[in-house]
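# mind looking at a prediction? Sequence and model below.
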Amino acid sequence: MLRVLFVCEHNSARSQMAEAFLKHFGGTFFEVESCGIEAGRINSLVIEVMQERGYDLQGNTTKKALDLLKQGKSYDIIITVCSREASEQCPIFPGRALRINWPFDDPSKFTGDKETKLEKVRIIRDQIEEKINNFIKEYNEKGLQIFL
């Protein structure tokens, strides 16, 4: 089982969506968690657009990367889903985890009315879902070699 951690700035949007998609599509091949560099609150627009796809994030809580580190958690792959600059603030976990950056736009920075923001969050949701499906496909075809 491959242990994967998704990290974004506040664990409020992108990392939550990535975790939900990999848990759903990856089945028992992946042990998945998400966290933020800092803990935040789950973005209500993210809850809404994920609900459109049948994912209930309503009861999810946010976690801090430092708390997982203090618990002694280790991962095979750490995927940051924020900007490269923000991802560099992520603590280093023990072991030889491969670090990957998938930079997606931050939904908390979207402007406009609610419908405009929802449409932008849907785009991010769909981009993350596609990235997760490609990740699983490559893993199934090549195993860990895809990461070397």
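Noted; the coordinates are in hand.
# report the central residue of this structure.
Centroid-nearest residue in the chain: residue 15, 2.4 Å away (criterion: C-alpha atoms, centre = their mean).
# pretty sure that residue is in a strand, no?
No: going by DSSP: H, G, I helix; E, B strand; the rest coil, the assignment for residue 15 is helix, not a strand.
# who's in contact with it?
Residue 15 makes contact with 6-8, 34-36, 81 under the criterion C-beta atoms under 8 Å, 6 or more residues apart in numbering. (C-beta placed from N, C-alpha, C; glycine too.)
# do residue 104 as well
Contacts of residue 104 by C-beta under 8 Å, 6+ apart are 14, 81-82, 124, 127-128.
# could you rerun that using 10 Å?
Residue 104 sits next to 8, 13-15, 17-18, 80-83, 123-125, 127-128, 131 when contact means C-beta atoms under 10 Å, 6 or more residues apart in numbering.
# then residue 24?
32, 53-55, 129, 132.
# quick one, grab the pLDDT at residue 91.
Listed pLDDT for residue 91 reads 66.
# now the contacts of residue 24 as TSV including distance to residue 115, secondary structure and pLDDT?
Shown next, in TSV, are the contacts of residue 24 (distance: C-beta to C-beta, whole Å; DSSP: H, G, I helix; E, B strand; the rest coil; pLDDT from 0 to 100):
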residue	distance to residue 115	secondary structure	pLDDT
32	31	strand	97
53	18	coil	96
54	21	coil	97
55	20	coil	97
129	21	helix	98
132	26	helix	97
